[in-house]
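>>> Dropping the sequence and predicted coords here.
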Amino acid sequence: MLVAELVELLEQRYPPSWAESWDRVGLTLGEPSAEVTRIFLAVDCDPRTVEEAIAAGADFMFTHHPLLLRGVSSVAPTTYKGRVIHRMIKAGIALHTAHTNGDVANPGVSDALAARLGLLDVRPLVPIADTGRGHGRIGRLPSAMALSDLAALVSSAVGGVRVAGPPTAAVETVAVSGGAGDAFLADAARAGVDAYLTADLRHHPAHEHLAGGGPLLLDVSHWASERPWLDDVAAFLRQETGLPTIVSDVDTSPWTFVADALPADVPPDALPAGVPPDDALLEDGNS
């Protein structure tokens, strides 16, 4: 199969016209006439995933996030993106991206996230006309469960999760949105679901949403919320092309660990040298 033929196949499933106007999707690198023998999929195109693709012997890389989403004035190898581009060209790897056109596809990014939770009767959270496509998904759990149990399910099936709501609160209907999802907080509230799972929730939108009586919140990493979709894309490509496909599990989240806060009852003499107790910080006005 040629690069051009694989691009045509991908664009039939994820048409570029479905992407937001600001997005940058499609073929980024690669000769259309080059042959493809092995496909590599990743959420991000960065030095770690590129080296993984090279080690795997791939000559076509499919990513969810565009390498060149924000414009650059140079691709010199002295720049981060330039180094990635030069490395891929030298290794003979083409790069293709489906981003917001993959978000709204059916099946798309949020369908894969809903499937990880076993949601039933899945439909778009924000439908696009009568196409069956749209942003996010709504579904119901096979049986109602406590929010703490849902959080445990999310942690196991998707990744580490921050939770807003009483642990014992009952949850049956759930909205999900892969990627940054605070733009759909109001849609989740209007839908009347019990809980909303997404990524990259910010303090003020989440705080106002909860104060207004909105659904309970579960917040995972951006990478974790979109990684499940790659398995669906890989299965589609294997079926349609017969080519070997490899999905990267390299976590490209910028955050590498979480440090727990000191318990509230830690005595001042137990604090490391140079760290004042909380009341001293407040007295200094450093709130």
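Noted; the coordinates are in hand.
>>> quick one: Phe62 from Val163, how far?
For Phe62, the distance to Val163 equals 32 Å [C-beta to C-beta, to the nearest Å]. Every residue, glycine included, has its C-beta placed from N, CA and C.
>>> So between those two, which is more surrounded?
Ranked by neighbour count (other C-beta atoms under 10 Å), Phe62 and Val163 place Phe62 first, with 25 against 19.
>>> residues in contact with the residue lying closest to that one once chain neighbours are set aside?
The shortest distance from Phe62 to any non-neighbouring residue, by C-beta to C-beta, 6 or more residues apart in numbering, is to Leu41 (4.8 Å). Listed by C-beta atoms under 8 Å, 6 or more residues apart in numbering, the contact set of Leu41 reads 61-63, 230, 233-234, 245-248.
>>> Would you mind measuring from Leu41 to Ala175?
26 Å.
>>> pretty sure Glu11 is in a strand, no?
No - with DSSP: H, G, I helix; E, B strand; the rest coil as the criterion, Glu11 is assigned helix and is not in a strand.
>>> That one contacts Gly26, doesn't it?
Yes - using C-beta atoms under 8 Å, Glu11 is in contact with Gly26, at 7.0 Å.
>>> re earlier: let me have the contacts of Leu41 in TSV, adding secondary structure as columns.
Below are the contacts of Leu41 laid out as TSV (three-state DSSP):
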residue	secondary structure
Met61	strand
Phe62	strand
Thr63	strand
Leu230	helix
Val233	helix
Ala234	helix
Thr245	strand
Ile246	strand
Val247	strand
Ser248	coil
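>>> what helix or strand does the nearest residue to Thr28 once chain neighbours are set aside sit in?
Counting by C-beta to C-beta, 6+ apart, Thr28 lies nearest to Leu95, which is 4.4 Å off, once chain neighbours are set aside. Per DSSP states H and E, Leu95 falls inside strand 94-97.
>>> can you give me the helices in the stretch 1-150 of the chain?
Counting by DSSP state H, counting those that start in this stretch, the stretch 1-150 of the chain has helices at residues 3-13, 47-55, 80-91, 100-103, 109-116, 147-157.
>>> Go through the ones you listed and name the closest to Gln239.
helix 3-13 (10.8 Å; C-beta to C-beta).
>>> So which bits of the closest one are buried?
Residues 3-4, 6-7, 10-11, 13 are the ones in helix 3-13 that count as buried (16 or more other C-beta atoms under 10 Å).
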